[in-house]
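> using only what follows, build the 3D model:
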Amino acid sequence: MTSATDIIYVVHGSHAHSWWRRIANGGYPWWRRWSLFCSAVRQAFGRECEIREFRWSGKNSDVARLKAGDDLARAIERDSPQRPVHLIGHSHGGNVALVAVNRLSRRGVESVVLLANPNIALLDSRGQPPHWLYWGHAPECVAHIWNLYSPEDFVQGRLVEWFHGVSDRGRKIVLARQRYPGMNQNFSASA
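Below is the predicted model of the structure:
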């Protein structure tokens, strides 16, 4: 393996370490580097790559996601200084990946794939543009971001508005959308 080999970090979502997730995945989680999912990613990538699993607490809290994003950014800077980097994040693992992209000081990531990522914004009652959590400057820093979702995904769309893990939101409404419309998009909470 040469030093120019691309690295793909796979980031699991919330509660990935729970006993019921292990049962559902036949004892071997999908995000582990030798899973069927990661084998398919290797094959689809089309050139040599190294897959690394990024483990975080999986706690459903804003604080846990921000800490994990910081940890992922440090891991990328430490372990991949001259190698092309790609991130795949499922559910809140996508938000962890977005935080990492915004924390990287030396360079951006080449691509990010978000799988069923809950895009969370805070709205206030004064009609201000929403404050999108986690996205930051990621669209300007990364050449390719794919946000893949199912319009039928109730967990990603509505359930996350009730169980979002954002504790310090002041008097703002938490809004979740399957698509990230951009930083300056205005819309109501009922949209």
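> helices of the chain, start to end?
19-24, 36-45, 62-79, 92-103, 138-141, 154, 160-162 (DSSP state H).
> give me whichever of these is most buried.
Among those, helix 92-103 has the highest mean neighbour count (mean count of other CB atoms under 10 Å), at a mean of 27. Every C-beta, even on glycine, is put in place using the N, C-alpha and C of the backbone.
> CA atoms of it as CSV?
The C-alpha trace of helix 92-103 is given here as CSV (Å, rounded to 0.1, in the frame of the first residue of the first chain):
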residue,chain,number,x,y,z
HIS,A,92,-25.8,11.2,13.5
GLY,A,93,-22.5,9.8,12.3
GLY,A,94,-23.0,12.1,9.3
ASN,A,95,-23.2,15.1,11.7
VAL,A,96,-20.0,13.9,13.4
ALA,A,97,-18.4,13.9,9.9
LEU,A,98,-19.6,17.4,9.2
VAL,A,99,-18.2,18.6,12.5
ALA,A,100,-14.8,17.1,11.6
VAL,A,101,-14.7,18.8,8.2
ASN,A,102,-15.3,22.1,9.9
ARG,A,103,-12.6,21.5,12.5
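> contacts only, for the residue most central in space within the chain.
For the chain, G94 is the residue whose C-alpha lies nearest the centre (CA atoms, centre = their mean; 0.9 Å). If you count contacts by CB atoms under 8 Å, 6 or more residues apart in numbering, G94 has them with V11, G13, V112, L114, L115, A116, N117, P118, N147.
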